[in-house]
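# Could you work out the structure for the sequence below:
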Amino acid sequence: MSVDTNFETCLFLSSHKLAIGVYEKQSLKKLFYNEILNNHNFTQPNHELLNHFLEKNIFDIEKGLKNFVENIYLIIESDKFLTINISIKKNNYGDKITRDKLIHLLNEAKISCKKTIGDSRITHMVIDNYLIDGKNYSLFPNDLKCDSFSLDLRFICLKNDYIQNLENVLKKYQISIKHILNADYVKSIENEDQGDLFKMSLKIIEGFNENEVFIIPKMIKNKGFFERFFNFFS
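Have a look, this model is predicted:
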C-alpha cells in the first residue's frame, strides 16, 4: 500500500443518504461509488451509521486502489448551513480596479462576516455581483477605471461543532477533511455534469465558478486555486 495523489475521494452526507465516490484527478473518471439510504430522516448525521459505512467502504477503496485514503471532500446537504449576504463598497477616484484593491475589499468583507457568524466556518465565499459606477458586472472586469465599485458577496457557513463531530469520525480512519461543500450550492451551478454531484464538486474545487473565492492556508498552494483571478488567504 502507498499514498497516491492521483485520485480524489468524496463523501456525501444528508438526512436520507450516505454516498462515497473516488475519481481520477485529471480525467474525473469514476473509479468507485457506493451509497446507502437512511430509513429515518435524521436532523444530525447518524454517526453510528456513518462509521459502519466508512468501515466497509474505505477498506474496499484502499484494497481496490492499493492506496491509502488520507483526505476527503465532504459534500453536505443540511439545514445547518447559514448564509450571510454582505455588500461592501470602495471609492476608486477614477483609477483602475487592481487585484490588490479587490483583495483588500474581500478581506474587509471576510473579517466582517467572521464577526457575525461566531463559532462557524466559512465553506463558500461567492461574489454574486460587481457594481461599478452604477453598472452591474457578473465577472471581474480587467483594467477598468471607475470612481467607485462595490461587491455583493455571499458567505455559506457551517457550525464548527458540527464539523468537529464529523472530523472525529473520520479520524478513526486517519482521514482529514480537505474541503467542505454545500450540496445545494453545488447543485445550483449549471454544467453538463450537474447530475453527478461528486464530479461537479471536484470541478468547483478546481475553480469552475470564477466568482468563488477559496480561503486556504498560506502554506498551501493548490493547483485548482484560481491564480488567473487572485489569491486570497485567511
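
# From now on I want contacts and neighbour counts done on CA atoms only, so please keep to that.
Fine.

# could you pull out the helices for this structure?
Along the chain, counting by DSSP state H, helices occupy 47-65, 99-117, 160-171, 183-188, 197-205.

# looking at the ones you listed, which is closest to residue 129?
helix 99-117 (12.9 Å; C-alpha to C-alpha).

# May I see the buried residues of the closest one?
Applying a neighbour-count criterion of 16 or more other C-alpha atoms under 10 Å, one finds 102, 105, 106, 109, 110, 113, 117 buried in helix 99-117.

# just checking, what packs against that helix?
With contacts taken as 3 or more C-alpha pairs under 8 Å, 6 or more residues apart in numbering; DSSP states H and E, helix 99-117 sits against strand 82-91, strand 148-159.

# Could you measure from residue 28 over to residue 21?
Per C-alpha to C-alpha, to the nearest Å, residue 28 is found 11 Å from residue 21.

# Show me which of these two is the more surrounded one.
Neighbours of residue 28 and residue 21, each counted by other C-alpha atoms under 10 Å, are more numerous for residue 21; the result is 22 against 16.

# What residue, apart from its backbone neighbours, is nearest that one spatially?
Spatial nearest neighbour of residue 21, chain neighbours left out: residue 33 (4.3 Å); criterion: C-alpha to C-alpha, 6 or more residues apart in numbering.

# Quick check, that neighbour in contact with residue 18.
No - at 10.9 Å, residue 33 does not count as touching residue 18 under the criterion of C-alpha atoms under 8 Å.

# May I see the helices of the chain organised as a markdown table, with mean pLDDT and distance to residue 142 added?
Formatted as a markdown table, the helices of the chain follow (pLDDT from 0 to 100; distance: least, C-alpha to C-alpha, whole Å):
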| stretch | mean pLDDT | distance to residue 142 |
| --- | --- | --- |
| helix 47-65 | 92 | 44 |
| helix 99-117 | 90 | 9 |
| helix 160-171 | 94 | 37 |
| helix 183-188 | 96 | 26 |
| helix 197-205 | 95 | 22 |
